[in-house]
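>>> sequence unknown, structure follows:
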């Protein structure tokens with residue numbers, strides 16, 4: 001049993017270190033504070049943590065793509081995404097321990113529709129005459145025969 005606990009501690013420390021190295025510059029508010037231990041379906045130990053904070057989804061996707069994982073042991077697996085109802089989980093196996101990082105899968109907020117542009121007013125006659133009186137008089141003199 002002490003060997004199992006040691007593997008959990010090493011795996012957790014490695015995952016936390018890798019998490020903060022991968023996301024601290026881009027997503028500093030995305031945190032992994034509350035780690036829980038358990039047993040996976042295959043009987044192997046499991047570490048689970050919820051990613052919280054602003055941009056948790058983007059941080060988890062970035063972490064999975066940039067995770068510096070060395071597959072040193074047989075049975076180690078690269079991170080993969082599982083989409084479960086209500087949450088997105090990034091799962092991998094290292095040192096015989098399953099690690100799950102997840103965040104709530106929030107429904108996408110529909111983008112607001114753009115405001116309708118007011119319709120252009122149709123040209124309507126104004127209270128003014130289209131031609132000034134002076135212009136009309138000039139035309140009369142220009143066309144008048146002497």
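In hand now; what should we look at? These numbers come from a predicted model, not from an experiment.
>>> any idea how far the nearest residue to residue 86 once chain neighbours are set aside is from residue 60?
Spatial nearest neighbour of residue 86, excluding adjacent residues (C-beta to C-beta, 6 or more residues apart in numbering): residue 105 at 5.7 Å. The C-beta positions use only the backbone N, C-alpha and C, and glycine is treated the same way. Distance of residue 105 to residue 60, computed by C-beta to C-beta, to the nearest Å: 11 Å.
>>> ok, residue 86 next?
As defined by C-beta to C-beta, residue 86 lies at a distance of 15 Å from residue 60.
>>> and the two? Which one has more around it.
residue 60 (24 against 10; other C-beta atoms under 10 Å).
>>> that's a helix at the more buried one, yeah?
Yes - Residue 60 forms part of a helix when assessed by DSSP: H, G, I helix; E, B strand; the rest coil.
>>> confidence score at it?
Note for residue 60: predicted pLDDT of 89.
>>> that one and residue 87 touch, don't they?
No - under the criterion of C-beta atoms under 8 Å, residue 60 makes no contact with residue 87, lying 10.6 Å away.
>>> in the protein, which helix or strand is least confident?
Least confident element among the helices and strands of the chain, by mean pLDDT, DSSP states H and E: helix 133-143 (a mean of 64).
>>> how near is the nearest residue to residue 85 once chain neighbours are set aside to residue 37?
Spatial nearest neighbour of residue 85, chain neighbours left out: residue 105 (8.0 Å); criterion: C-beta to C-beta, 6+ apart. In this view, residue 105 and residue 37 are 24 Å apart by C-beta to C-beta.
>>> for this protein, which helix is longest?
helix 2-23 (DSSP state H).
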